[in-house]
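>>> This is a predicted model, with the sequence first.
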Amino acid sequence: MPSCRHTECSGSHRSSGQSSHSSSSSRPMYASSGRPQLWQCCKCSGGWYNYDINASCPMCHAWRCDNCRYSMS
């Protein structure tokens, strides 16, 4: 069985100026609808990925973290 390499996301990879959203709106919000539906990787900006299917980024294999961007729709 091949060894598994996982990259942890520290949030230091987010590039500035690429988003028109404030940092507070990109945090997960667990309101009436439960959890976010989509997320975008803070390491490589890949996405948007399905929250229920992808716990890590399919492009760079970084785990989803609090610094990634989240969407409720």
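Received it, and whenever you're ready, just let me know what you need.
>>> now the nearest residue to residue 37 once chain neighbours are set aside: how far from residue 63?
Spatial nearest neighbour of residue 37, chain neighbours left out: residue 51 (5.7 Å); criterion: C-beta to C-beta, 6 or more residues apart in numbering. Any C-beta I mention is one placed from the backbone N, CA and C, and that applies to glycine too. Distance, residue 51 to residue 63, by C-beta to C-beta, to the nearest Å: 13 Å.
>>> between those two, which one's more packed in?
Between residue 51 and residue 63, counted using other C-beta atoms under 10 Å, residue 51 has the larger neighbour count: 18 against 14.
>>> In this model residue 39 seems to touch the more buried one, though I could be wrong.
Yes: applying C-beta atoms under 8 Å, one finds residue 51 in contact with residue 39, separated by 5.5 Å.
>>> Now for the two: what residues contact both?
Residues touching both residue 51 and residue 39 (C-beta atoms under 8 Å, 6 or more residues apart in numbering): 64, 70.
>>> Give the full set of residues in contact with residue 55.
63-64.
>>> go on, residue 54?
Taking C-beta under 8 Å, 6+ apart, one finds 39, 64 in contact with residue 54.
>>> partner residues bridging residue 70?
residue 39 (DSSP bridges).
>>> I'd assumed residue 39 was in contact with it.
Yes: contact criterion C-beta under 8 Å: residue 70 and residue 39 qualify, at 5.0 Å.
>>> The two - which one has more neighbours?
Shown here are residue 70 and residue 39; by other C-beta under 10 Å, residue 39 has more neighbours (24 against 21).
>>> The more buried one and residue 61: what is the separation?
14 Å.
>>> Then residue 37?
21 Å.
>>> just residue 54 next, same as before
Distance from residue 54 to residue 61, by C-beta to C-beta: 11 Å.
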